[in-house]
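Asks: Structure for this input, please:
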Amino acid sequence: MRTRSLTLALALLAACSGGKPAKSATGRDSLTERQRDSILAQSRIPGASGVGRAMRAADSASARVRATDSVSP
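Replies: Predicted coordinates for the structure are as follows:
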């Protein structure tokens with residue numbers, strides 16, 4: 001069940017990250033996607049904690065890639 005929730009959260013993040021926002025949304029939205037996701041993860045919306053776990057998993061994977069890149073010749 002936990003794996004299913006994480007997979008769903010990752011799928012939702014991937015689905016929401018594509019495409020460019022409309023011009024009208026760009027002018028009035030000053031938050032980055034990561035800031036919006038962080039706010040969502042802290043909300044009381046059912047399943048929102050999965051967004052936070054997905055962000056931590058993505059950060060962890062990114063850190064591992066950076067560590068591997070720094071060791072490579």
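Asks: what separates residue 38 from residue 66, distance-wise?
Replies: Distance check for residue 38 against residue 66: by CB to CB, to the nearest Å, it reads 20 Å. C-beta here means a position set from N, CA and C on the backbone, and glycine is covered the same way.
Asks: So which of those two has more stuff around it?
Replies: Looking at residue 38 and residue 66 with other CB atoms under 10 Å, you find the greater number of neighbours at residue 38, namely 14 against 10.
Asks: Look up the closest residue to that one, ignoring the ones flanking it.
Replies: residue 55 (7.1 Å; CB to CB, 6 or more residues apart in numbering).
Asks: OK, contacts around that neighbour?
Replies: Each residue near residue 55 by CB atoms under 8 Å, 6 or more residues apart in numbering is listed here: 13, 34, 37-38, 41.
Asks: State the pair within those residues that is farthest apart.
Replies: Longest distance between any two of these is 12.0 Å, between 13 and 38; criterion CB to CB.
Asks: Which stretches in the protein count as helices?
Replies: 2-17, 23-28, 33-41, 48-71 (DSSP state H).
Asks: Compare the mean pLDDT across the ones you listed and name the weakest.
Replies: The stretch with the lowest mean pLDDT among the helices of the chain is helix 23-28, at a mean of 57.
Asks: Return stretch 54-67 as CSV; C-alpha atoms alone will do.
Replies: The C-alpha coordinates for stretch 54-67 follow below in CSV (Å, rounded to 0.1, in the frame of the first residue of the first chain):
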residue,chain,number,x,y,z
ALA,A,54,8.0,11.8,-3.4
MET,A,55,9.9,15.1,-3.1
ARG,A,56,12.3,13.5,-0.5
ALA,A,57,12.7,10.5,-2.8
ALA,A,58,13.5,12.7,-5.8
ASP,A,59,16.0,14.8,-3.7
SER,A,60,17.7,11.6,-2.5
ALA,A,61,18.0,10.2,-6.0
SER,A,62,19.4,13.6,-7.2
ALA,A,63,21.9,13.6,-4.4
ARG,A,64,23.1,10.1,-5.3
VAL,A,65,23.5,11.1,-9.0
ARG,A,66,25.5,14.2,-8.0
ALA,A,67,27.7,12.1,-5.7
